[in-house]
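Student: this is the structure alone, sequence omitted:
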């Protein structure tokens, strides 16, 4: 149900309020002599900030496909992580020594987004072995899934 304010046009005085689904004209409050204006709805309160979803670093690594994980770890161990260093978000997530990963953290989301980006290498060849590096959208969504198993929860 909407709320309406009736204002007399001669002196701009508010003379009546009513509730109806649509504007209504009646004797003494005709549209020719009165303005019927809808009262704007009160804005919704701002959404509460989302709580972080913290999983253990081991659980985070376990969410990545094994071949992709092995490729990323090999690049980092090689001493020349240039493929990942240029993608600051994923690089920070991969080399961070914190005890947990927050699935709602901007760096985590950006980093996984980098791994799914068309600009990210599809594969990497290390020691003559070609490994997948880029995640497809299903894999990225699985890594960031907010459905957390009990064994993944960080309890620090």
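Tutor: That came through, no problem. All values derive from a computational prediction rather than experimental measurement.
Student: quick one, strands of the chain?
Tutor: With DSSP state E as the criterion, the chain has strands at 2-8, 13-20, 34-38, 54-56, 100-102, 123-126, 129-132.
Student: let me see the mean pLDDT of the fourth one.
Tutor: By that I understand strand 54-56. For strand 54-56, mean pLDDT rounds to 93.
Student: what's in contact with that strand?
Tutor: By Cβ atoms under 8 Å, 6 or more residues apart in numbering, the surrounding residues in contact with strand 54-56 are 99-103, 148, 152-154, 156. Backbone N, C-alpha and C define where each C-beta goes, glycine included.
Student: what's the domain layout of this structure?
Tutor: Domain assignment for the chain, taken from automatic domain parsing, gives 2-38, 54-152.
Student: mind listing what's buried along the first one?
Tutor: I take that to be domain 2-38. Neighbour counts over domain 2-38 (16 or more other Cβ atoms under 10 Å) mark 4, 6-7, 29, 34, 36 as buried.
Student: now do the end-to-end distance for that domain.
Tutor: The separation between the terminal residues of domain 2-38, taken as Cα to Cα, to the nearest Å, is 7 Å.
Student: how close does residue 41 get to residue 16?
Tutor: Separation of residue 41 from residue 16 (Cβ to Cβ, to the nearest Å): 20 Å.
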